[in-house]
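**Q** sequence first, then the predicted structure, then my questions.
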Amino acid sequence: MSQKPLLEFTDKGIYCAKGKFYIDPWRPVDDAVITHAHADHAYAGHKRYLAHHLSREVMLYRLGEIQLQTVEYGETVIKNGVSITLYPAGHVIGSAQIRVESQGQVWVVSGDYKVEDDGVCAPFEPVSCHHFISECTFGMPVYKWKPQAQLFTEVNKWWQQNRDNNLATVIVGYSLGKAQRILQNLDLSIGKVYTHGVIENTNEALRRNGIILQPTERITTDSVKEDVRKGIIIAPPSAVGTPWMRKFQPYSFGYCSGWMALRGAKRRRAADRGFVMSDHADWDGLVSAIDATGCEKVYLTHGYTASFSRYLAEIGFDASEVHTLYGGEEEGAPPQPTEGGKQDATAEDKLDNEVTLSAEEELLNELPADEKQGGVL
Amino acid sequence: MKAFAQLFTALDETNKTNEKVKALKDYFACAPDTDKMHMLALFTGRNPKRQINATQFRLWAIEASNIPAWLFEESYHVVGDLAETVALLLPDHTNSSNKTLTEWIAEINALDKQPDVEKQHWLTQAWATLNAQERFVFNKILTGSFRVGVSQNLVIKALADVSDLDAATLTHRLMGNWMPNTYQFEELVHTDTALEDVSRPYPFFLAYPVQETSTVQKSPEALQALLGDAQEWQAEWKWDGIRAQLIKRNGEIFIWSRGEDLATDKFPELHSFLHDLPDGTVLDGEILSFRDGLPLPFANLQTRIGRKTLSKKILEESPVALIAYDCLEYAGEDIRYKTQIERRAVLESLQSLTQYPEVFRISEVINFDSWEALTTIREKSREMIAEGIMLKRKDAHYQVGRRRGDWWKWKIDPLSVDAVMVYAQKGHGRRADLYTDYTFAVWDGDKLVPFAKAYSGLTDTEINKVDAFVKRNTLEKFGPVRTVKPQLVFEIGFEGINKSNRHKSGVALRFPRILRWRHDKPKEEADTLETLKTLLGE
């Protein structure tokens, strides 16, 4: 029995014709269902938004006054006879997989996800479906993450060493997700946590949303350099190499990203320490997550789509690549290969920006000038 | 091995010189002496002989990591380094091992002439006992590709700090063809100078470039400001050959190239004159191809480099001679402390006595009375088959390594053409997973003909932009190579150009590199094959 596919890939985003809504569209639409609040998934300009309850404050902070409906995980919303249910994606706080069902046909859009429980956001839940639309940012077998506990033992040890050597400690990760994951795993018996303004703004939004985070102090003109040196500073990627960061010298600077798994990428970054930390699934995570859905067909939206779909096909999945504009909040991510894909002016401009700017930095550029510096020492 | 792998990681993790020196000193303080010698051998480019070839290494790694061969290759293109790819793809280690670096290298050497099945068994076992960090370093050693982001100078500085010797002496003692199995650490750091190896060369003194960048010209006034009065300087042509040190001691002769390769057998034409020199003589100079008393372009010499056996034909087609320009040891005495003028006098007297003036030549001193005059003379470099001019301060002694101040090279401007990028390939190491290796083409009628590959010359920001362009404008993929929409124009600089039958374009360039990205030029305005051919000077 051939059924019309419930979801299709259009030049505006993933579209459900029957339900008349889009998922993570990148051009203005009437109804947008959002997997999570990162800039490459939650664009401005849509009429109505639907997202998880814990994305609320961050989306309002980032996108301004929008018409936003929020739901809990497992709660179903019906749009034009199509049911929409959100399940935890384990990527960042408020991130969701979107399950869409109509007449027995089930699709799941993963958004971005990781399978390890980071203790900060609701852990990833496999959802059975017929069609699974997955990311594969780290879809190469060279990417294998260490358990989080081991990673943060290293981070805390490095912080302690810096403190002993009278060096400031700057740890870099993007402001929604990694910043909170770092914060919640720091050993505060070593010292205090200071934050860059952009990160503190996100923390405040999350706290307004009822999330309990470890205490932090925003760096301002009143911050005392000697005190800050004993603590740890959480900064966004865009702060690297700026006068704001140079004020903390002498410091040791650690970069948290999945790309740090490769020596080449680590050397390009020129960080003192590269911590292999990602909010995306690693190779084994992707393969196990896809397998757990029991799906008939997999669509790969971003990452090493060509190699990963070939591998999935070899192990028995019906897998194909689709062209989207996702990918980019993982700072330093290789821009999407889009050969064959149609490019319009907006997409072109965006990709140009991604060469030098991460989504995080783009966001930073949109903020009022006083927020950019996050306060001056 | 654990300590060595930790040293490697510590050095890799920091960009700060002090921390690197500290890591090295920590290692010297705790490692056994035999490990120290192996470490020094590896850090100075003396890798153990390769016992497992690249094909076997790949094949056995694919088996051990249990993934399809194509995925292994794709992973390699993402990582950009074979040793690292294998270290990342192998399953987690099951045991651990406390073998020292010396023990591991002994095991590697013991593989010689073992059957393949034994080698594979040994390798698979070894991988299972090493963690990812150790595996990477181990793979590097095993595949003969061990390199580290630390200069030899820094290693020697750390070693000097932990021993009672100065850096220059240690640099000297680490030259030549020593083997970590036979050279003892006590021998290296002993304070008795009588026990030197007769083959050991001196560290080369290297010149600093006058031109900071190839686009800004130095005026005579700028030279005056940088170097002072012209009278204090000796000028020579900068020859484009193989820098070499030639030694005659105890009746034996040795020819060392700058890369510290013993190249005595590669230059049989030079043996007679060397044997004729008094014992205890060391010369520094350039080996070039010569015909009828005139130097030939480097391309000619290139045809005989790297050949295992020198056929009669090769020796006839590209005979070599030495252009000597310094004397470092005379009558068994190290005379590097003497001034340039004094050493030159020794060299001239040695050369005047030779029976072989055709092969033992001397680098002519250029007469000039002002920087203006020298600027004019420099214009003639290409006619002289020289790369430019060398400036040596008359009262300078012969120093160790590249030092700013007393020896300068003033190269001529490179030749250049504007060319269109047509192919791209991912780079390695720091440039892994980025398209950084490009092929360029010029117009031949309405067709673009590839003529050069270049890897360097762009900033990191520019590389990122070109990388994004390549990813969005790929026309075809051939393995790792992408055919790119011809659009981006670059100015390509090169030192020389020669006819070539091996290249489609009919020309081969020496040292091609990107001078700049010509954002201002559309592809139609790139240069033509005709332009390149006129540069051949025919």
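**A** Received, thanks.
**Q** just list the residues touching the residue in the stretch 101-250 of chain A positioned nearest to chain B, thanks.
**A** At 4.1 Å from chain B, A:Val142 is the closest residue in the stretch 101-250 of chain A, using CB to the nearest CB. Quick note: C-beta positions are derived from backbone N, CA and C, even for glycine. Going by CB atoms under 8 Å, 6 or more residues apart in numbering or on different chains, A:Val142 touches A:261-262, A:283, B:75, B:78-79, B:85, B:88-89.
**Q** repeat for A:Val100
**A** So, once contact is read as CB under 8 Å, 6+ apart, A:Val100 ends up touching A:6-7, A:16, A:19, A:23, A:82-84, A:106-109.
**Q** at 10 Å instead, please
**A** A:6-7, A:14, A:16, A:18-19, A:21, A:23, A:33, A:79, A:82-85, A:106-109, A:129, A:131, A:133 (CB atoms under 10 Å, 6 or more residues apart in numbering or on different chains).
**Q** and the pLDDT for the nearest residue to A:Pro88 once chain neighbours are set aside?
**A** Using CB to CB, 6 or more residues apart in numbering or on different chains and skipping residues adjacent in sequence, the residue nearest A:Pro88 is A:Ala122, 3.7 Å away. pLDDT, A:Ala122: 96.
**Q** with the one 10 residues further on instead?
**A** At A:Phe132, the predicted lDDT confidence score is 97.
**Q** what helix or strand does it sit in?
**A** Using DSSP states H and E, A:Phe132 sits in strand A:131-136.
**Q** what lines up beside that strand in the sheet?
**A** Sheet pairing of strand A:131-136 (DSSP bridges) gives strand A:105-109 (parallel), strand A:297-303 (parallel).
**Q** could you export those strands as JSON lines, including mean neighbour count?
**A** Shown next, in JSON lines, are the strands paired with strand A:131-136 (neighbours: other CB atoms under 10 Å in any protein chain shown):
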{"stretch": "strand A:105-109", "mean neighbour count": "22"}
{"stretch": "strand A:297-303", "mean neighbour count": "23"}
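**Q** save those as JSON lines, and put in mean pLDDT too.
**A** JSON lines is the format used below for the strands paired with strand A:131-136 (pLDDT from 0 to 100):
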{"stretch": "strand A:105-109", "mean pLDDT": "97"}
{"stretch": "strand A:297-303", "mean pLDDT": "93"}
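**Q** so where is chain A shaky, pLDDT-wise?
**A** Across chain A, the ranges flagged by pLDDT under 70 are A:1-2, A:328-377.
**Q** and the helices in the stretch 201-350 of chain B?
**A** Secondary structure of the stretch 201-350 of chain B (DSSP state H, counting those that start in this stretch): helices at B:220-227, B:271-276, B:298-302, B:312-317, B:340-352.
**Q** ok, B:Arg258 - contacts?
**A** Counting by CB under 10 Å, 6+ apart, B:Arg258 has contacts B:201, B:204, B:206, B:242-245.
**Q** just the C-alphas of the following helix or strand past the strand holding A:Phe132, formatted as CSV.
**A** Remark: after strand A:131-136, the chain's next helix or strand is helix A:148-164, criterion DSSP H and E. Written as CSV, here are the backbone C-alpha positions of helix A:148-164 (Å, rounded to 0.1, in the frame of the first residue of the first chain):
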residue,chain,number,x,y,z
GLN,A,148,30.9,12.5,30.8
ALA,A,149,32.2,11.8,34.3
GLN,A,150,35.7,11.2,33.0
LEU,A,151,35.6,14.3,30.9
PHE,A,152,34.6,16.5,33.8
THR,A,153,37.3,15.0,36.1
GLU,A,154,39.8,16.3,33.5
VAL,A,155,38.1,19.7,33.4
ASN,A,156,38.1,20.1,37.2
LYS,A,157,41.7,18.9,37.5
TRP,A,158,42.8,21.4,34.9
TRP,A,159,40.9,24.2,36.7
GLN,A,160,42.6,23.2,40.0
GLN,A,161,46.0,23.2,38.3
ASN,A,162,45.5,26.6,36.8
ARG,A,163,44.4,27.9,40.2
ASP,A,164,47.6,26.5,41.8
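**Q** which residues sit against helix A:148-164?
**A** A:116-120, A:145-147, A:167-171, A:181-182, A:184-191, A:193, A:229-232, A:250-254, A:256, A:272-273, A:275-277.
**Q** just stretch B:105-116 next, same as before
**A** With CB under 10 Å, 6+ apart, stretch B:105-116 has contacts from B:1, B:34-35, B:38, B:41-42, B:47-53, B:56, B:59-60, B:99-100, B:118-123, B:126, B:138, B:141-142, B:180-181.
**Q** again, only using 7 Å
**A** B:38, B:48, B:51-52, B:56, B:119, B:122, B:142 (CB atoms under 7 Å, 6 or more residues apart in numbering or on different chains).
**Q** distance of B:His503 from chain A?
**A** 29 Å (CB to the nearest CB, to the nearest Å).
**Q** identify the residues contacting the closest residue in space to that residue that isn't next to it in sequence.
**A** Once flanking residues are discounted, B:His503 sits nearest to B:Phe451: 6.9 Å by CB to CB, 6+ apart. Shown in contact with B:Phe451 (CB under 7 Å, 6+ apart): B:440-442, B:503, B:505, B:507, B:532.
**Q** and if we set it to 8 Å?
**A** Residues near B:Phe451 by CB under 8 Å, 6+ apart: B:419, B:440-442, B:503-505, B:507, B:509, B:529, B:532.
**Q** and those, which of them are in strands?
**A** Cross-referencing the contacts of B:Phe451 against strands under DSSP state E gives B:419, B:440-442, B:507, B:509.
**Q** which parts of stretch B:1-20 are buried?
**A** Buried residues in stretch B:1-20, counted by 16 or more other CB atoms under 10 Å in any protein chain shown: B:1-8, B:10-14, B:20.
**Q** same deal with stretch B:127-146?
**A** B:127-130, B:132, B:134-143, B:146.
**Q** before we move on, the earlier item: I'd like the helices of the stretch 201-350 of chain B as TSV, with mean pLDDT, mean neighbour count and distance to chain A appended.
**A** Listed next are the helices of the stretch 201-350 of chain B as TSV, based on pLDDT from 0 to 100; neighbours: other CB atoms under 10 Å in any protein chain shown; distance: least, CB to the nearest CB, whole Å:
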stretch	mean pLDDT	mean neighbour count	distance to chain A
helix B:220-227	90	14	31
helix B:271-276	95	16	44
helix B:298-302	78	18	31
helix B:312-317	85	10	40
helix B:340-352	96	17	40
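**Q** quick one: the ones you listed as JSON lines, columns for distance to B:Ser289 too.
**A** Shown next, in JSON lines, are the helices of the stretch 201-350 of chain B (distance: least, CB to CB, whole Å):
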{"stretch": "helix B:220-227", "distance to B:Ser289": "32"}
{"stretch": "helix B:271-276", "distance to B:Ser289": "17"}
{"stretch": "helix B:298-302", "distance to B:Ser289": "4"}
{"stretch": "helix B:312-317", "distance to B:Ser289": "9"}
{"stretch": "helix B:340-352", "distance to B:Ser289": "20"}
